[in-house]
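Asker: build me a model:
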Amino acid sequence: MDNLFKKVACFTDIHFGNKSNSKIFNQDCDDFIDWFLVTAKENNCETCIFLGDWHHHRSALNVDTMAHSLKNLEKVAEAFEHTYFILGNHDLYYKENRTVNSVVFGRNIPNLTLVNEPVTKGNVSIVPWLVGDEHKKVSQMKCKYMFGHFELPNFLMNAMVRMPDTNGIQYEDFTGIENVFSGHFHKRQINGNVTYMGNAFPHTYADADDDKRGMMILEWDEYPQFIDWKDCPKYRVYNLSEVLDDPSKYFSNKMYVRLKLDVDITYEEANFIKETFMKQFDLREIALLQSEMVGEDSTMVGAEIKFESVDQIVYGQLDTIDSENYDKAVLREIYRDL
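Answerer: Model (predicted):
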């Protein structure tokens, strides 16, 4: 049997509709797809594999988000001889089965295969989000390449949290697989034969200072090549004092910025800094973080300036955790009791 691909272009976890169906976020998705398709063509990729989480919301699709979603799904399918589309947990309505998914309209798109059940073609296996005890079958599989949307323990879910062992699928289950490539965790990371590719582009401050996001190209029998999307939105956290002398060293367009107030400034000065930096560098957001120096000074708090406390930052990071095995409400309660 012929190999499934000669050279395959891969990406994962784009999450159309994220940030409350933000038009800006969906436009970022559009721009990423355009860049991905150009880069894949330049590298002579004839096959595409998407590794899960096309949509962000499991229970409903915003109409505008659906328009972006369908347009880009058709563009991807048209650009390759064949595209394999793995269903991730965010693409599924039910947590315990895959009977209902939000990408069902893709089944009528030519050259596109929705992977709703594990499939093996030659020496390649493609596996959707596993439910129930399906993970037990993985240890029985043997192939050269496996692509999936797995939740393996001890890998980083984001910069703060490592996935616990929930007695589900294990790293050792892949001993019969030469190379495993997975979506789901958004941080690019490699351990032995398992590679988490990382999401298409940074989504939150959990991705701060880590722009190693984009796509992967894999030529048969060669090492994978990771290509970062240089024009991706970026998230940064700085001390105000370090950016004041030469902000051009730190800021660029499409950037989300948190500035820690380590110098004493007035509300008027803070507002001026925000307006100047936002306009000069085409930033998307500046959030000023209260420090001990600022304390509870009410004169610094105004509708035009966004302040975040340490508690708000921690809660925000907890909210980015994407796992059925963590109860976010319990985690928030544990933090409150510290």
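Asker: helix or strand: which one has Asp2?
Answerer: For Asp2, there is no enclosing helix or strand under DSSP states H and E.
Asker: for it, the count of nearby residues, please.
Answerer: Look at Asp2: counted by other CB atoms under 10 Å, it has 7 neighbours. For glycine as for every other residue, the C-beta is placed from the backbone atoms N, C-alpha and C.
Asker: who are the contact partners of it?
Answerer: With contact set as CB atoms under 8 Å, 6 or more residues apart in numbering, Asp2 has these partners: Gly122.
Asker: that one and Val243, how far apart?
Answerer: For Asp2, the distance to Val243 under the criterion CB to CB, to the nearest Å works out to 55 Å.
Asker: ditto for Pro233
Answerer: 18 Å.
Asker: neighbour-wise, which of the two wins?
Answerer: Taking Pro233 and Val243 together and counting by other CB under 10 Å, Pro233 has the greater number of neighbours (21 against 18).
Asker: nearest residue to the more buried one other than its sequence neighbours?
Answerer: Counting by CB to CB, 6 or more residues apart in numbering, Pro233 lies nearest to Lys254, which is 4.5 Å off, once chain neighbours are set aside.
Asker: tell me the contacts of Ile33?
Answerer: In this structure, Ile33 makes contact with Ile14, Asn72, Lys75, Val76, judged by CB under 8 Å, 6+ apart.
Asker: in which helix or strand does it reside?
Answerer: Element membership of Ile33 [criterion: DSSP H and E] is helix 23-42.
Asker: which element follows that helix toward the C-terminus?
Answerer: Helices and strands here follow DSSP H and E; after helix 23-42, the next one along the chain is strand 47-50.
Asker: can you list the strands that that following strand pairs with?
Answerer: Partner strands for strand 47-50, per DSSP bridges, with pairing direction: strand 7-11 (parallel), strand 82-86 (parallel).
Asker: pLDDT below threshold where in this structure?
Answerer: 1, 291-330, 332-338 (pLDDT under 70).
Asker: got the domain ranges for it?
Answerer: For the chain, whose domains are defined here by automatic domain parsing, the residue ranges read 7-228, 234-315.
Asker: can I get the ones you listed in a markdown table with distance to Leu331?
Answerer: As requested, the domains of the chain are exported to a markdown table (distance: least, CB to CB, whole Å):
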| stretch | distance to Leu331 |
| --- | --- |
| domain 7-228 | 9 |
| domain 234-315 | 9 |
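Asker: buried deepest among those, which one?
Answerer: Among the domains of the chain, ranked by average contacts under mean count of other CB atoms under 10 Å, first place goes to domain 7-228 (a mean of 18).
Asker: okay, helices next: where are they in the protein?
Answerer: Secondary structure of the chain, counting by DSSP state H: helices at 18-21, 23-42, 63-79, 135-138, 240-244, 267-281, 310-319, 328-336.
Asker: please consider this matter closed, and thank you.
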